[in-house]
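Asks: prediction below, plus the sequence it came from.
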Number of protein chains: 2
Amino acid sequence: MASTAPKKLVELFYDVVSPYSWFAFEVLCRYKNVWMIDLHLKPVFLGGIMKKSGNIPPVMGCANKAIYIPKDVYRMSNYMKVDFKFPTDTFGTMFDKGSLKAMRFVTAVDMIDSSFTENVSRILWSRIHRNDEDITEVASFQLVGKQVGIEPEMLNKAISTITDATIKKRLTDYTDEALEKGAFGAPTIVAHVNGKQEMIFGCDRFPILANILGEKWVGPVPDIPQTKL
Amino acid sequence: MASTAPKKLVELFYDVVSPYSWFAFEVLCRYKNVWMIDLHLKPVFLGGIMKKSGNIPPVMGCANKAIYIPKDVYRMSNYMKVDFKFPTDTFGTMFDKGSLKAMRFVTAVDMIDSSFTENVSRILWSRIHRNDEDITEVASFQLVGKQVGIEPEMLNKAISTITDATIKKRLTDYTDEALEKGAFGAPTIVAHVNGKQEMIFGCDRFPILANILGEKWVGPVPDIPQTKL
């Protein structure tokens, strides 16, 4: 018999420029039907979170940390079973080119039909953080849209509106919402339980998230329950 | 039949001012006879690591992070099953009073008889990060030494030498060794496997440490194998 308890809401504030956000995203997507959570994907602009919170990227200002973080990202990708590779020009791709347009594209898609948000985000991550492909050009967004099966009319609408004020505002609103909820980086995860909001930073606190949700953490790749016939 | 394989060396560079170091310390102490590792406790001065690596404490410079970190410390202490409480005057105790004398005391004890290092460290952590007690006065070191069963003669020798050049040098040497191995904070864990050294930062990468060691992570409180009769 299906449970009638309402699903617990978990918000994921993320930016596809962030490898750790990808790992958290994939784990939460795997767990959404295990923990029976209502996973709300909230695209943000990480650059805005860093600037407005006064935080600095972990690879800045400390040589030992700058050497460690990429190693840690590869170790975590291996542990999380997310096939990952830094872009060849890591710094130029992540910091100079950045993700502002990509996150506006995700936002535009999300505002038209949020059922595409998960796959569009995943393909953008695969492009920048696996295949060394562009995520800044209109041609790239066309490819991503086609790949996830967005109809041409909707895709053209999404792409043509990415510089519209409504799209920019929604991206800023989600970014500000993350900041109000305590964000200083990404991923920022907010679990809503018993009328309280619990914010968790990073992709390495899943045992704690499980505890907050009253669920069980069984590692990054849970057995996915099969749909009941 | 007892295994004749040599134990894998794991070094823990730690400072008792650091809560996350305490959690890593307790977990490694619990696992040393589970993973059959040779756990080498290496007292360092965290202030020196931060300064020389160019890193800044996580609670500095970013309000949202400064709010988050204490929450995270309590969540981690709960998950790690380490009974923890910040000192009442957290900032004054951790940053103004600090741990330099305490880490010199640990070093002095370690250099005379390293079998006391684990318990001395644990009691110092309990004092600062559970019982809101001093870790800067000679009287405190006297109490700690007695509590762990150090003979008066050795204890007086340890305490009387904490400002000696040899003690200061050993603390600086371990601090510099950690930096050479890539440290930018504490805990810094270095696993020696197949002639390679793998550095891990923090208390939240134990599944990855287990993988490096070819061992199994079963959560922060493993079943401790009983001594064979």
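Replies: All right, it came through fine. Bear in mind the structure is a predicted one, so any value in this text is a computation, not a measurement.
Asks: for the helix or strand hosting A:Ala24, give me every contacting residue.
Replies: Using DSSP states H and E, the element containing A:Ala24 is helix A:19-31. Applying C-beta atoms under 8 Å, 6 or more residues apart in numbering or on different chains, the external contacts of helix A:19-31 come out as A:10, A:12, A:14-16, A:37, A:39, A:41, A:46, A:73, A:76-77, A:80-82, A:84, A:86, A:118, A:121-122, A:125, A:129, A:186-187, A:189, A:202-203, A:206, A:220-222, A:224. For glycine as for every other residue, the C-beta is placed from the backbone atoms N, C-alpha and C.
Asks: stretch A:157-169 too?
Replies: Against stretch A:157-169 from outside (C-beta under 8 Å, 6+ apart): A:101, A:104-105, A:107-109, A:111-112, A:138, A:141-142, A:145, A:150.
Asks: which residues of chain A lie near chain B?
Replies: Within chain A, the positions lying close to chain B (C-beta under 8 Å from any C-beta of the partner chain) are A:53-56, A:61-65, A:67-68, A:72, A:75-76, A:78-79, A:179, A:182-184, A:199, A:201, A:204-205, A:207-208, A:211, A:219.
Asks: hang on, the earlier thing: mind listing which of the contacts of helix A:19-31 are in helices?
Replies: Here DSSP state H is the test, and the contacts of helix A:19-31 give A:Leu46, A:Val73, A:Met76, A:Ser77, A:Met80, A:Glu118, A:Ser121, A:Arg122, A:Trp125, A:His129, A:Phe206 as lying in helices.
Asks: which one of those is nearest chain B?
Replies: A:Met76 (7.5 Å; C-beta to the nearest C-beta).
Asks: let me see the contact set for that closest one.
Replies: Residues in contact with A:Met76, defined by C-beta under 8 Å, 6+ apart, are A:Pro19, A:Tyr20, A:Phe23, A:Cys203, A:Asp204, B:Ile208.
Asks: who wins on neighbours among the residues you listed?
Replies: Comparing the contacts of A:Met76 by number of neighbours (other C-beta atoms under 10 Å in any protein chain shown), A:Cys203 comes first, having 28 neighbours.
Asks: quick check: that residue touching A:Ala186?
Replies: No: counting by C-beta atoms under 8 Å, A:Ala186 is not a contact partner of A:Cys203; they are 9.8 Å apart.
Asks: kindly provide the distance from A:Ile123 to A:Lys146.
Replies: 10 Å (C-beta to C-beta, to the nearest Å).
Asks: more neighbours: which of those two?
Replies: Using other C-beta under 10 Å as the criterion, A:Ile123 and A:Lys146 rank with A:Ile123 on top: 20 against 13.
Asks: excluding chain neighbours, give the residue nearest to the more buried one in space.
Replies: Excluding the flanking residues, the one nearest A:Ile123 by C-beta to C-beta, 6 or more residues apart in numbering or on different chains is A:Val144, at 4.8 Å.
Asks: got it, and A:Gly202?
Replies: Distances taken as C-beta to C-beta, 6+ apart put A:Tyr20 closest to A:Gly202, at 6.1 Å, once the chain neighbours are dropped.
Asks: show me what secondary structure element comes after the helix-or-strand element of chain A with minimal mean pLDDT.
Replies: Lowest on mean pLDDT, DSSP states H and E among the helices and strands of chain A sits helix A:90-91, with a mean of 92. Next helix or strand after helix A:90-91 toward the C-terminus (DSSP H and E): helix A:100-112.
Asks: which strands and helices lie in contact with that following helix?
Replies: Applying 3 or more C-beta pairs under 8 Å, 6 or more residues apart in numbering or on different chains; DSSP states H and E, one finds that helix A:100-112 makes contact with strand A:37-43, helix A:117-129, helix A:138-147, helix A:152-160, helix A:165-180.
Asks: could you check the angle helix A:152-160 makes with it?
Replies: 130 degrees (axes from the mean of the first three to the mean of the last three C-alpha atoms, to 10 degrees).
Asks: could you check the angle helix A:100-112 makes with helix A:138-147?
Replies: Angle of helix A:100-112 versus helix A:138-147, following the same axes, to 10 degrees, is 40 degrees.
Asks: avg pLDDT for helix A:100-112?
Replies: Averaged over helix A:100-112, pLDDT sits at 98.
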